[in-house]
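> below is the structure, and that's it, no one-letter string:
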Ligand SMILES: Nc1ncnc2c1ncn2[C@@H]1O[C@H](COP(=O)(O)OP(=O)(O)O)[C@@H](O)[C@H]1O
Ligand SMILES: [Mg+2]
(Lines give C-alpha, C1' and ligand atoms only; values in the text may rest on other atoms or scores of the structure.)
(Ligands and ions follow the chains in the order given, each with its own letter.)
Protein backbone atom coordinates (compact mmCIF):
# COMPACT_ATOMS: atom_id res chain seq x y z
CA UNK A 1 0.00 0.00 0.00
CA UNK A 2 1.20 3.53 -0.76
CA UNK A 3 2.69 5.16 2.36
CA UNK A 4 1.21 8.30 3.87
CA UNK A 5 3.62 11.02 4.91
CA UNK A 6 2.09 12.91 7.82
CA UNK A 7 3.43 16.41 8.35
CA UNK A 8 3.49 17.44 12.03
CA UNK A 9 2.36 15.01 14.69
CA UNK A 10 0.67 16.86 17.50
CA UNK A 11 -2.98 16.01 18.32
CA UNK A 12 -4.24 16.50 14.74
CA UNK A 13 -1.39 14.54 13.24
CA UNK A 14 -1.78 11.75 15.78
CA UNK A 15 -5.48 11.45 14.85
CA UNK A 16 -4.58 11.00 11.18
CA UNK A 17 -1.75 8.57 12.01
CA UNK A 18 -4.16 6.32 13.93
CA UNK A 19 -7.04 6.69 11.46
CA UNK A 20 -4.80 5.54 8.58
CA UNK A 21 -2.51 3.24 10.58
CA UNK A 22 -5.41 1.07 11.72
CA UNK A 23 -6.36 0.60 8.06
CA UNK A 24 -2.88 -0.76 7.31
CA UNK A 25 -1.42 2.31 5.61
CA UNK A 26 2.36 2.56 6.17
CA UNK A 27 2.96 5.79 8.08
CA UNK A 28 5.97 8.10 7.81
CA UNK A 29 6.02 11.19 10.02
CA UNK A 30 7.87 14.42 9.33
CA UNK A 31 7.88 16.59 12.46
CA UNK A 32 9.56 19.83 13.49
CA UNK A 33 8.59 20.10 17.15
CA UNK A 34 10.01 17.76 19.82
CA UNK A 35 6.83 18.30 21.87
CA UNK A 36 4.86 16.28 19.30
CA UNK A 37 3.69 12.91 20.52
CA UNK A 38 2.34 11.36 17.32
CA UNK A 39 5.72 10.26 16.02
CA UNK A 40 6.09 7.69 18.82
CA UNK A 41 2.83 5.96 17.84
CA UNK A 42 3.15 2.26 17.10
CA UNK A 43 1.82 2.90 13.60
CA UNK A 44 4.82 5.02 12.60
CA UNK A 45 7.31 3.14 10.40
CA UNK A 46 9.77 6.00 10.07
CA UNK A 47 10.11 9.44 11.59
CA UNK A 48 12.09 12.32 10.20
CA UNK A 49 12.99 15.50 12.08
CA UNK A 50 12.75 18.48 9.73
CA UNK A 51 13.42 22.21 10.08
CA UNK A 52 10.46 24.53 10.73
CA UNK A 53 8.19 24.65 7.65
CA UNK A 54 7.88 28.45 7.64
CA UNK A 55 11.01 29.68 9.41
CA UNK A 56 13.27 27.48 7.26
CA UNK A 57 11.01 26.85 4.31
CA UNK A 58 13.66 25.88 1.75
CA UNK A 59 15.35 23.37 4.05
CA UNK A 60 11.95 21.92 4.99
CA UNK A 61 11.04 21.50 1.31
CA UNK A 62 14.41 19.87 0.60
CA UNK A 63 13.63 17.21 3.23
CA UNK A 64 10.27 16.54 1.60
CA UNK A 65 11.57 16.38 -1.95
CA UNK A 66 14.33 13.97 -0.96
CA UNK A 67 11.81 11.80 0.87
CA UNK A 68 9.36 11.90 -2.04
CA UNK A 69 12.06 10.79 -4.50
CA UNK A 70 13.01 7.91 -2.22
CA UNK A 71 9.40 6.74 -1.68
CA UNK A 72 8.45 6.94 -5.36
CA UNK A 73 4.83 7.90 -4.80
CA UNK A 74 3.30 8.56 -1.40
CA UNK A 75 0.39 10.63 -0.11
CA UNK A 76 1.55 13.86 1.55
CA UNK A 77 -0.80 15.11 4.28
CA UNK A 78 -0.14 18.40 6.08
CA UNK A 79 -1.89 18.38 9.47
CA UNK A 80 -0.85 21.75 10.90
CA UNK A 81 -1.47 25.24 9.53
CA UNK A 82 2.26 25.90 9.22
CA UNK A 83 2.89 22.77 7.11
CA UNK A 84 -0.31 23.36 5.14
CA UNK A 85 0.75 26.90 4.29
CA UNK A 86 4.15 25.85 2.96
CA UNK A 87 2.96 22.70 1.18
CA UNK A 88 0.07 24.49 -0.50
CA UNK A 89 2.30 27.32 -1.74
CA UNK A 90 4.71 24.76 -3.22
CA UNK A 91 2.15 22.19 -4.26
CA UNK A 92 3.19 22.14 -7.90
CA UNK A 93 6.80 21.25 -7.07
CA UNK A 94 5.81 18.71 -4.42
CA UNK A 95 3.29 17.10 -6.77
CA UNK A 96 6.20 15.92 -8.93
CA UNK A 97 7.12 13.41 -6.21
CA UNK A 98 3.95 13.11 -4.07
CA UNK A 99 0.19 12.98 -4.29
CA UNK A 100 -0.50 16.12 -2.26
CA UNK A 101 -3.57 16.11 0.00
CA UNK A 102 -4.42 19.81 0.14
CA UNK A 103 -5.93 22.57 -1.95
CA UNK A 104 -4.02 24.83 -4.35
CA UNK A 105 -2.78 28.06 -2.79
CA UNK A 106 -5.47 30.42 -4.24
CA UNK A 107 -8.04 28.31 -2.35
CA UNK A 108 -5.92 27.69 0.75
CA UNK A 109 -5.28 31.42 1.09
CA UNK A 110 -9.00 32.04 1.36
CA UNK A 111 -9.29 30.07 4.60
CA UNK A 112 -5.80 30.34 6.08
CA UNK A 113 -5.91 34.15 5.85
CA UNK A 114 -9.17 34.77 7.67
CA UNK A 115 -9.90 38.25 6.36
CA UNK A 116 -10.55 36.62 3.00
CA UNK A 117 -12.86 34.02 4.57
CA UNK A 118 -15.00 36.68 6.25
CA UNK A 119 -15.10 38.79 3.08
CA UNK A 120 -16.27 35.74 1.13
CA UNK A 121 -18.92 34.93 3.76
CA UNK A 122 -20.20 38.52 3.61
CA UNK A 123 -20.37 38.45 -0.17
CA UNK A 124 -22.61 35.36 -0.21
CA UNK A 125 -24.69 36.15 2.88
CA UNK A 126 -23.27 33.53 5.29
CA UNK A 127 -23.56 35.15 8.76
CA UNK A 128 -20.20 36.09 10.29
CA UNK A 129 -19.02 38.46 13.04
CA UNK A 130 -18.57 42.10 11.91
CA UNK A 131 -14.90 42.39 11.01
CA UNK A 132 -12.57 45.19 9.95
CA UNK A 133 -8.90 45.01 9.04
CA UNK A 134 -7.07 48.17 10.14
CA UNK A 135 -4.07 49.15 8.03
CA UNK A 136 -2.74 51.82 10.44
CA UNK A 137 -3.11 53.22 13.96
CA UNK A 138 -5.32 55.92 12.44
CA UNK A 139 -7.66 53.20 11.19
CA UNK A 140 -7.68 51.64 14.67
CA UNK A 141 -8.58 55.00 16.24
CA UNK A 142 -11.39 55.50 13.77
CA UNK A 143 -12.88 52.00 14.04
CA UNK A 144 -12.22 51.93 17.77
CA UNK A 145 -14.62 54.84 18.35
CA UNK A 146 -17.57 53.09 16.77
CA UNK A 147 -17.20 49.43 17.81
CA UNK A 148 -18.91 47.88 20.83
CA UNK A 149 -16.63 46.75 23.65
CA UNK A 150 -15.49 44.21 24.53
CA UNK A 151 -14.42 43.18 21.04
CA UNK A 152 -11.64 40.98 19.71
CA UNK A 153 -8.28 41.64 18.19
CA UNK A 154 -7.83 38.51 16.16
CA UNK A 155 -5.01 37.57 13.77
CA UNK A 156 -5.68 37.07 10.09
CA UNK A 157 -3.27 34.10 10.32
CA UNK A 158 -3.91 32.34 13.59
CA UNK A 159 -0.93 29.98 13.74
CA UNK A 160 1.63 32.76 13.31
CA UNK A 161 0.07 34.89 16.02
CA UNK A 162 -0.13 31.90 18.37
CA UNK A 163 3.51 30.99 17.77
CA UNK A 164 4.46 34.53 18.79
CA UNK A 165 2.04 35.40 21.61
CA UNK A 166 0.96 31.92 22.84
CA UNK A 167 -2.66 33.04 22.68
CA UNK A 168 -5.14 32.85 19.83
CA UNK A 169 -6.61 36.36 20.16
CA UNK A 170 -7.13 39.19 22.63
CA UNK A 171 -10.42 40.39 24.09
CA UNK A 172 -10.11 44.19 24.35
CA UNK A 173 -12.16 46.32 26.70
CA UNK A 174 -11.63 49.85 25.40
CA UNK A 175 -9.97 52.01 22.75
CA UNK A 176 -6.67 52.29 24.64
CA UNK A 177 -6.47 48.50 25.01
CA UNK A 178 -7.35 48.09 21.34
CA UNK A 179 -4.63 50.52 20.29
CA UNK A 180 -1.91 48.89 22.42
CA UNK A 181 -2.86 45.38 21.29
CA UNK A 182 -2.82 46.45 17.66
CA UNK A 183 0.62 48.03 18.09
CA UNK A 184 2.05 44.91 19.75
CA UNK A 185 0.82 42.79 16.86
CA UNK A 186 2.00 45.16 14.14
CA UNK A 187 5.42 45.49 15.82
CA UNK A 188 5.66 41.71 15.52
CA UNK A 189 4.76 41.97 11.82
CA UNK A 190 1.37 40.31 12.32
CA UNK A 191 -1.81 41.49 10.61
CA UNK A 192 -4.88 41.58 12.84
CA UNK A 193 -8.62 42.17 12.53
CA UNK A 194 -10.96 43.96 14.89
CA UNK A 195 -13.91 41.66 15.31
CA UNK A 196 -17.29 41.70 16.97
CA UNK A 197 -17.50 39.35 19.95
CA UNK A 198 -20.23 36.75 19.48
CA UNK A 199 -21.73 36.11 22.92
CA UNK A 200 -22.45 32.57 24.06
CA UNK A 201 -20.80 29.70 25.89
CA UNK A 202 -18.17 27.22 24.72
CA UNK A 203 -20.99 24.75 24.07
CA UNK A 204 -22.43 27.12 21.44
CA UNK A 205 -19.51 26.35 19.14
CA UNK A 206 -20.06 23.74 16.43
CA UNK A 207 -18.10 22.04 13.67
CA UNK A 208 -19.33 21.21 10.19
CA UNK A 209 -16.91 18.59 8.81
CA UNK A 210 -17.20 17.48 5.23
CA UNK A 211 -15.55 15.88 2.27
CA UNK A 212 -16.13 18.01 -0.81
CA UNK A 213 -15.59 17.13 -4.42
CA UNK A 214 -16.50 19.06 -7.58
CA UNK A 215 -18.44 21.64 -5.58
CA UNK A 216 -20.57 19.10 -3.72
CA UNK A 217 -20.41 17.59 -0.24
CA UNK A 218 -20.04 13.81 -0.42
CA UNK A 219 -19.81 13.09 3.31
CA UNK A 220 -20.89 15.36 6.17
CA UNK A 221 -20.49 15.20 9.94
CA UNK A 222 -21.40 17.74 12.61
CA UNK A 223 -20.32 18.01 16.22
CA UNK A 224 -20.74 20.44 19.10
CA UNK A 225 -17.99 21.71 21.32
CA UNK A 226 -18.49 21.09 25.02
CA UNK A 227 -15.56 22.83 26.72
CA UNK A 228 -12.62 24.79 25.31
CA UNK A 229 -9.02 25.10 26.44
CA UNK A 230 -8.58 27.82 27.49
CA UNK A 231 -12.27 28.63 28.07
CA UNK A 232 -13.92 30.99 25.50
CA UNK A 233 -11.19 31.55 22.92
CA UNK A 234 -9.32 28.27 22.87
CA UNK A 235 -9.67 25.03 20.94
CA UNK A 236 -12.00 22.28 22.16
CA UNK A 237 -10.91 19.99 24.97
CA UNK A 238 -14.22 18.09 24.84
CA UNK A 239 -16.61 17.77 21.85
CA UNK A 240 -19.64 15.59 21.09
CA UNK A 241 -21.07 14.23 17.85
CA UNK A 242 -24.47 15.71 17.14
CA UNK A 243 -26.76 16.25 14.16
CA UNK A 244 -26.86 20.04 13.72
CA UNK A 245 -28.93 20.70 10.57
CA UNK A 246 -28.76 24.52 10.95
CA UNK A 247 -25.13 24.68 9.84
CA UNK A 248 -25.27 22.28 6.90
CA UNK A 249 -26.43 24.76 4.27
CA UNK A 250 -24.14 27.50 5.57
CA UNK A 251 -21.12 25.20 5.40
CA UNK A 252 -22.05 23.95 1.95
CA UNK A 253 -22.56 27.45 0.53
CA UNK A 254 -19.28 28.73 1.89
CA UNK A 255 -17.16 25.79 0.73
CA UNK A 256 -18.77 25.78 -2.70
CA UNK A 257 -18.16 29.53 -3.08
CA UNK A 258 -14.55 28.99 -2.06
CA UNK A 259 -14.09 26.26 -4.65
CA UNK A 260 -12.93 23.98 -1.83
CA UNK A 261 -12.22 20.28 -2.35
CA UNK A 262 -11.20 17.55 0.07
CA UNK A 263 -11.72 17.45 3.82
CA UNK A 264 -12.42 20.52 5.93
CA UNK A 265 -13.78 21.50 9.30
CA UNK A 266 -15.83 24.70 9.29
CA UNK A 267 -16.52 26.24 12.69
CA UNK A 268 -19.57 28.29 13.66
CA UNK A 269 -20.77 29.78 16.93
CA UNK A 270 -24.42 30.20 17.83
CA UNK A 271 -25.02 33.84 18.73
CA UNK A 272 -26.76 34.05 22.13
CA UNK A 273 -28.50 37.30 21.02
CA UNK A 274 -30.49 35.91 18.10
CA UNK A 275 -29.70 32.18 17.83
CA UNK A 276 -28.00 32.66 14.44
CA UNK A 277 -24.94 30.52 13.71
CA UNK A 278 -22.06 32.82 12.74
CA UNK A 279 -18.90 31.71 10.99
CA UNK A 280 -15.70 31.36 13.01
CA UNK A 281 -13.35 29.85 10.43
CA UNK A 282 -12.67 27.13 7.90
CA UNK A 283 -9.89 24.62 8.65
CA UNK A 284 -8.99 23.06 5.32
CA UNK A 285 -7.14 20.13 6.89
CA UNK A 286 -7.89 17.36 9.35
CA UNK A 287 -9.06 18.89 12.59
CA UNK A 288 -8.20 18.47 16.25
CA UNK A 289 -11.01 16.04 17.01
CA UNK A 290 -10.64 13.95 13.84
CA UNK A 291 -10.82 10.75 15.91
CA UNK A 292 -14.36 11.67 16.95
CA UNK A 293 -15.77 11.17 13.45
CA UNK A 294 -13.70 7.97 13.15
CA UNK A 295 -15.20 6.67 16.41
CA UNK A 296 -18.69 7.57 15.12
CA UNK A 297 -18.25 5.62 11.88
CA UNK A 298 -16.69 8.10 9.44
CA UNK A 299 -12.95 7.70 8.93
CA UNK A 300 -12.28 10.90 6.96
CA UNK A 301 -8.49 10.40 6.60
CA UNK A 302 -9.16 6.92 5.16
CA UNK A 303 -11.86 8.25 2.78
CA UNK A 304 -9.40 10.94 1.73
CA UNK A 305 -6.64 8.35 1.19
CA UNK A 306 -8.90 6.03 -0.79
CA UNK A 307 -10.10 8.86 -2.97
CA UNK A 308 -6.65 10.27 -3.77
CA UNK A 309 -4.81 6.95 -3.99
CA UNK A 310 -7.40 4.51 -5.40
CA UNK A 311 -9.74 7.01 -7.05
CA UNK A 312 -12.74 5.79 -5.01
CA UNK A 313 -15.30 8.53 -4.31
CA UNK A 314 -16.45 8.43 -0.67
CA UNK A 315 -20.05 7.25 -0.21
CA UNK A 316 -22.46 9.28 1.97
CA UNK A 317 -22.26 7.76 5.45
CA UNK A 318 -24.37 8.15 8.56
CA UNK A 319 -22.88 8.47 12.00
CA UNK A 320 -23.72 7.95 15.65
CA UNK A 321 -24.62 11.05 17.70
CA UNK A 322 -23.89 11.43 21.43
CA UNK A 323 -20.28 10.19 21.34
CA UNK A 324 -17.70 12.33 23.10
CA UNK A 325 -14.13 13.23 22.21
CA UNK A 326 -11.96 14.11 25.19
CA UNK A 327 -8.50 15.59 25.33
CA UNK A 328 -7.92 14.11 28.79
CA UNK A 329 -4.88 16.06 29.95
CA UNK A 330 -6.21 19.42 28.82
CA UNK A 331 -9.66 18.66 30.19
CA UNK A 332 -8.39 17.75 33.64
CA UNK A 333 -5.88 20.63 33.68
CA UNK A 334 -8.30 23.36 32.57
CA UNK A 335 -11.23 22.03 34.61
CA UNK A 336 -9.12 22.24 37.77
CA UNK A 337 -7.59 25.59 36.90
CA UNK A 338 -10.83 27.30 35.88
CA UNK A 339 -13.38 25.60 38.12
CA UNK A 340 -14.45 28.88 39.74
CA UNK A 341 -14.90 30.68 36.44
CA UNK A 342 -16.51 27.84 34.47
CA UNK A 343 -18.86 26.63 37.22
CA UNK A 344 -19.52 23.22 35.68
CA UNK A 345 -21.38 20.86 38.01
CA UNK A 346 -19.66 17.54 38.85
CA UNK A 347 -22.26 15.88 36.64
CA UNK A 348 -21.36 18.09 33.67
CA UNK A 349 -17.66 17.48 34.22
CA UNK A 350 -18.06 13.71 34.39
CA UNK A 351 -20.69 13.17 31.74
CA UNK A 352 -18.34 12.81 28.73
CA UNK A 353 -16.40 10.18 30.67
CA UNK A 354 -19.53 8.18 31.52
CA UNK A 355 -21.01 8.28 28.00
CA UNK A 356 -19.37 6.50 25.02
CA UNK A 357 -16.18 8.40 24.21
CA UNK A 358 -12.81 8.41 22.51
CA UNK A 359 -9.70 10.08 23.88
CA UNK A 360 -7.59 12.42 21.76
CA UNK A 361 -4.29 10.88 22.84
CA UNK A 362 -4.81 8.12 25.42
CA UNK A 363 -5.26 4.75 23.74
CA UNK A 364 -4.42 1.54 25.56
CA UNK A 365 -3.50 -0.12 22.26
CA UNK A 366 -1.10 2.69 21.39
CA UNK A 367 0.09 4.02 24.72
CA UNK A 368 3.40 5.69 23.91
CA UNK A 369 2.00 9.03 22.64
CA UNK A 370 0.15 9.48 25.93
CA UNK A 371 3.24 8.61 27.97
CA UNK A 372 5.31 11.04 25.93
CA UNK A 373 2.73 13.74 26.48
CA UNK A 374 2.84 13.15 30.24
CA UNK A 375 6.63 13.33 30.17
CA UNK A 376 6.53 16.58 28.15
CA UNK A 377 4.03 17.96 30.61
CA UNK A 378 6.27 17.18 33.58
CA UNK A 379 9.17 18.89 31.83
CA UNK A 380 7.02 21.99 31.25
CA UNK A 381 6.08 22.10 34.95
CA UNK A 382 2.48 20.99 34.34
CA UNK A 383 1.74 23.62 31.70
CA UNK A 384 -0.85 22.04 29.37
CA UNK A 385 -1.03 23.38 25.84
N1 LIG B 1 -15.83 36.71 17.07
C2 LIG B 1 -15.83 35.79 18.01
N3 LIG B 1 -16.74 35.84 19.00
C4 LIG B 1 -16.76 34.88 19.97
N5 LIG B 1 -15.89 33.86 20.05
C6 LIG B 1 -14.94 33.79 19.09
C7 LIG B 1 -14.86 34.73 18.02
N8 LIG B 1 -13.83 34.38 17.23
C9 LIG B 1 -13.29 33.27 17.78
N10 LIG B 1 -13.95 32.90 18.88
C11 LIG B 1 -13.68 31.72 19.75
O12 LIG B 1 -12.31 31.40 19.66
C13 LIG B 1 -12.14 30.09 19.06
C14 LIG B 1 -10.92 30.12 18.14
O15 LIG B 1 -11.17 31.01 17.09
P16 LIG B 1 -10.90 30.59 15.58
O17 LIG B 1 -11.41 31.66 14.69
O18 LIG B 1 -11.43 29.23 15.36
O19 LIG B 1 -9.31 30.61 15.54
P20 LIG B 1 -8.21 29.47 15.42
O21 LIG B 1 -7.82 29.45 13.99
O22 LIG B 1 -7.10 29.99 16.26
O23 LIG B 1 -8.79 28.19 15.91
C24 LIG B 1 -13.46 29.83 18.36
O25 LIG B 1 -13.69 28.46 18.22
C26 LIG B 1 -14.44 30.51 19.27
O27 LIG B 1 -14.71 29.70 20.39
MG1 LIG C 1 -10.55 27.25 15.32
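It's in. None of the values given here were measured: they were computed from a predicted structure. Ligands and ions are numbered 1, 2, ... in the order given.
> every contact and neighbour count from this point should use C-alpha atoms.
OK.
> and the protein, what are its domain boundaries?
Using automatic domain parsing, the domain parsing of the chain gives 4-105, 130-195, 202-379.
> between these, which one is closest to ligand 1.
Proximity to ligand 1, assessed across these by CA to the nearest ligand atom, is greatest for domain 202-379 (3.5 Å).
> what about that closest one, start to end distance?
29 Å (CA to CA, to the nearest Å).
> mind checking the pLDDT average for that domain?
Averaging pLDDT along domain 202-379 yields 97.
> what do you get for stretch 38-46?
Averaging pLDDT along stretch 38-46 gives 98.
> what about that stretch, start to end distance?
Taking CA to CA as the measure, stretch 38-46 stretches 12 Å from start to finish.
> now do it: distance to the chain's middle.
21 Å (CA atoms, centre = their mean, to the nearest Å).
> buried set for that stretch?
38, 39, 40, 41, 42, 43, 44 (16 or more other CA atoms under 10 Å).
> same question for stretch 194-205.
For stretch 194-205, using 16+ other CA under 10 Å, the buried residues are 194, 195, 196, 197, 198, 201, 202, 203, 204, 205.
> spell out which parts of the stretch 51-200 of the chain neighbour ligand 1.
129, 158, 168, 195, 196, 197, 198, 199 (CA under 6 Å from any ligand atom).
> ok, those vs residue 3, which is closest?
For these, the minimum distance to residue 3 (CA to CA) is 30.1 Å, reached by residue 158.
> tally of neighbours for that closest one?
Counted with other CA atoms under 10 Å, the neighbours of residue 158 add up to 20.
> cool, residue 310 as well?
Neighbour count for residue 310, taken as other CA under 10 Å: 10.
> residues in contact with the closest residue to residue 236 other than its chain neighbours?
In space, and not counting its chain neighbours, residue 236 is closest to residue 228: 4.1 Å by CA to CA, 6 or more residues apart in numbering. By CA atoms under 8 Å, 6 or more residues apart in numbering, residue 228 lies in contact with 202, 234, 235, 236, 237, 238.
> residue contacts, the fourth one?
Going back to what we said before, that points to residue 236. When contacts are counted by CA under 8 Å, 6+ apart, residue 236 touches 225, 226, 227, 228, 229, 288.
> the residue nearest the centre of the chain and residue 301, how far apart?
In the chain, the residue lying closest to the centroid (CA atoms, centre = their mean) is residue 287, at 4.3 Å. Separation of residue 287 from residue 301 (CA to CA): 10 Å.
> do the same with residue 232
28 Å.
> what do you get for residue 101?
Computed as CA to CA, the residue 101 to residue 301 distance reads 10 Å.
> also residue 158?
Distance from residue 158 to residue 301, by CA to CA: 23 Å.
> cool, residue 314 as well?
Per CA to CA, residue 314 is found 11 Å from residue 301.
> neighbour-wise, which of those two wins?
Comparing residue 314 with residue 301 by other CA under 10 Å, the one with more neighbours is residue 301, at 23 against 19.
> pretty sure that one sits against residue 18.
No - with contact defined as CA atoms under 8 Å, residue 301 does not reach residue 18; the gap is 9.4 Å.
> so what's residue 280 up against?
Contacts for residue 280 (CA under 8 Å, 6+ apart) come out as 128, 129, 266, 267, 268, 269.
> ok so it is a helix residue?
No - read with DSSP: H, G, I helix; E, B strand; the rest coil, residue 280 is strand and lies in no helix.
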